[in-house]
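*Asks:* can't give you the sequence, but here's the structure:
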């Protein structure tokens with residue numbers, strides 16, 4: 001199945017006079033990091049999982065901004081990335097490291113499906 005190409009948001013911004021070349025990537029990147037740092041204390045999870053998740057979000061947003069750069073955007077391709085691991089593989093890896101998958105939040109199990117270094121992250125979460 002082919003991805004759906006949409007020009008909606010970016011074309012709408014262009015009509016309003018939005019000029020991507022004038023955006024200061026460093027300021028936007030610093031702002032997103034400060035927003036995530038401000039939201040992080042709201043979440044209280046054992047083993048600093050929230051800190052790890054928010055650090056990962058900062059990296060994702062930073063990389064997106066770097067990729068965006070100052071070039072005018074092309075068509076927006078809408079689609080979902082496929083997980084690198086199935087839920088069963090994630091749960092099996094947790095059990096293999098001596099953990100209990102039922103003690104992990106569902107959103108964290110979903111996030112772990114996209115983790116490239118699954119075993120390293122699980123070991124860190126379990127304090128090994």
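*Replies:* Arrived safely. All values derive from a computational prediction rather than experimental measurement.
*Asks:* mind listing the strands for this structure?
*Replies:* 4-6, 76-78 (DSSP state E).
*Asks:* Return the member of these having the minimum mean pLDDT.
*Replies:* Least confidently modelled of those is strand 4-6, at a mean of 53 by mean pLDDT.
*Asks:* can I assume residue 50 is in contact with residue 37?
*Replies:* No: contact criterion CB atoms under 8 Å: residue 50 and residue 37 do not qualify, at 11.6 Å. All C-beta atoms are positioned from the backbone trio N, CA, C, and that covers glycine.
*Asks:* Comparing the two, which shows the higher neighbour count?
*Replies:* residue 50 (17 against 12; other CB atoms under 10 Å).
*Asks:* which one is the more buried one nearest to, not counting chain neighbours?
*Replies:* residue 43 (4.0 Å; CB to CB, 6 or more residues apart in numbering).
*Asks:* Distance check, the one you found against residue 61.
*Replies:* Distance of residue 43 to residue 61, given as CB to CB, to the nearest Å: 17 Å.
*Asks:* Please apply the same query to residue 96.
*Replies:* 32 Å.
*Asks:* And those two? Which one has more around it.
*Replies:* residue 61 (17 against 10).
*Asks:* Contact partners for the closest residue to the more buried one other than its chain neighbours?
*Replies:* Leaving aside its sequence neighbours, residue 61 sits nearest to residue 32 (CB to CB, 6+ apart; 4.7 Å). By CB atoms under 8 Å, 6 or more residues apart in numbering, the contact set of residue 32 is 58, 61-62, 65.
*Asks:* One more: residue 104?
*Replies:* With CB under 8 Å, 6+ apart, residue 104 has these contacts: 94, 112, 125.
*Asks:* What about the closest residue to the second one other than its chain neighbours, how many residues nearby?
*Replies:* In this structure, residue 112 finds its nearest non-sequential neighbour in residue 90, 4.7 Å apart by CB to CB, 6+ apart. Other residues within reach of residue 90, judged by other CB under 10 Å, total 25.
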